[in-house]
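In: Could you look at this predicted model? Sequence included:
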Amino acid sequence: MDPIFERNVPGTTEKLRHRCVGIAGCGGLGSNAAMALVRCGVGRLILVDADVVEASNLNRQHYFRADIGRKKVEALSDHLRAVNPAVQIETRAVAIGPGDVAKVFGGADLLVEAFDRAESKKWLIETWGRLFPDRPIVCGNGLAGCGGTSDLTVTRAGNIYFCGDGVTDMSAGLCGARVAIVAAMEANIAVELLVGMEDGKP
């Protein structure tokens, strides 16, 4: 076993190394959730984001000044492999729509929804649920502002898990600490679900 996983929860590493997680969006939620998943031992990630790193991203996303101007999926891949060189990463530096979900994320056991816009979240959740009704999707919903830690919860609706306060929108501004909490909640739920799967099924 790689020594970075020596202090993992017993019994999780061997299960997680065979699991694949799709990450739809590599901003504040997606980049931080991806890092948490790799640190937990998830063996394969599919990263999708069309954007490049900007200076305004650095207050909450897992990037650094040297990454500015780079494609997010490429910069994030480098950071993830710096933690675990053995992780398998597939990257797509493109914008996707409902017609792309099956092709791009079809190999994932679970999907982490980390889009910024409500309309994108809506179509992704609906499309995933229609295509893969037995596979979970973990979503961020209400993470703007600061403080209010006790308002951040996980709400389940079938195989959909919503993390956040379910209320605040981007107009409240974004605090790195609060965004990171919700990203960690997404990763924590994902790990719990992945560990409980048998043969790739919940």
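Out: Everything's here; your move.
In: residue contacts, residue 146?
Out: By Cβ atoms under 8 Å, 6 or more residues apart in numbering, the residues touching residue 146 are 173, 175, 177, 178. Every residue, glycine included, has its C-beta placed from N, CA and C.
In: Now with 7 Å, please.
Out: Each residue near residue 146 by Cβ atoms under 7 Å, 6 or more residues apart in numbering is listed here: 175, 178.
In: Now do the helices in this protein.
Out: 13-16, 28-40, 72-83, 101-105, 118-131, 176-195 (DSSP state H).
In: for those helices, which one ends up most surrounded?
Out: Highest mean neighbour count of the helices of the chain: helix 28-40, a mean of 25 (counted as mean count of other Cβ atoms under 10 Å).
In: So for residue 37, what's the nearest residue that isn't a sequence neighbour?
Out: Counting by Cβ to Cβ, 6 or more residues apart in numbering, residue 187 is the residue found nearest to residue 37 once chain neighbours are left out, at 5.2 Å.
In: again, but for residue 40
Out: Using Cβ to Cβ, 6+ apart, the closest residue to residue 40 is residue 191 (5.2 Å).
In: ok, now residue 133?
Out: residue 159 is the one closest to residue 133 (Cβ to Cβ, 6+ apart), at 6.9 Å.
In: need the contact list for that neighbour.
Out: Residue 159 neighbours (Cβ under 7 Å, 6+ apart): 133, 135, 136, 137.
In: Kindly report the same for residue 178.
Out: 143, 145, 146.
In: Kindly recompute the last result at 6 Å.
Out: Listed by Cβ atoms under 6 Å, 6 or more residues apart in numbering, the contact partners of residue 178 are 143, 146.
In: what's the answer for residue 97, then?
Out: Here residue 97 is in contact with no residue (Cβ under 6 Å, 6+ apart).
In: do that again at 8 Å, thanks
Out: In this structure, residue 97 makes contact with residue 123, judged by Cβ under 8 Å, 6+ apart.
In: now do residue 197
Out: Counting by Cβ under 8 Å, 6+ apart, residue 197 touches 15, 19, 109.
In: rerun at 7 Å
Out: Contacts of residue 197 (Cβ under 7 Å, 6+ apart): residue 109.
In: And it, what's its pLDDT?
Out: On pLDDT, residue 197 comes in at 90.
In: Ok, residue 173 next?
Out: pLDDT, residue 173: 90.
In: repeat for residue 63
Out: 98.
In: With distance to residue 55 as extra columns, can I get the helices of the chain in a markdown table?
Out: What follows is these, written out as a markdown table (distance: least, Cβ to Cβ, whole Å):
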| stretch | distance to residue 55 |
| --- | --- |
| helix 13-16 | 34 |
| helix 28-40 | 14 |
| helix 72-83 | 13 |
| helix 101-105 | 29 |
| helix 118-131 | 23 |
| helix 176-195 | 14 |
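In: Out of these, flag the one nearest residue 51.
Out: helix 72-83 (5.3 Å; Cβ to Cβ).
In: what is the orientation angle of the closest one with helix 28-40?
Out: 20 degrees (axes from the mean of the first three to the mean of the last three Cα atoms, to 10 degrees).
In: Can you tell me which helices and strands helix 72-83 packs against?
Out: Helix 72-83 is packed against helix 28-40, strand 44-48, strand 88-92, with contacts defined by 3 or more Cβ pairs under 7 Å, 6 or more residues apart in numbering; DSSP states H and E.
In: Good, wrapping up.
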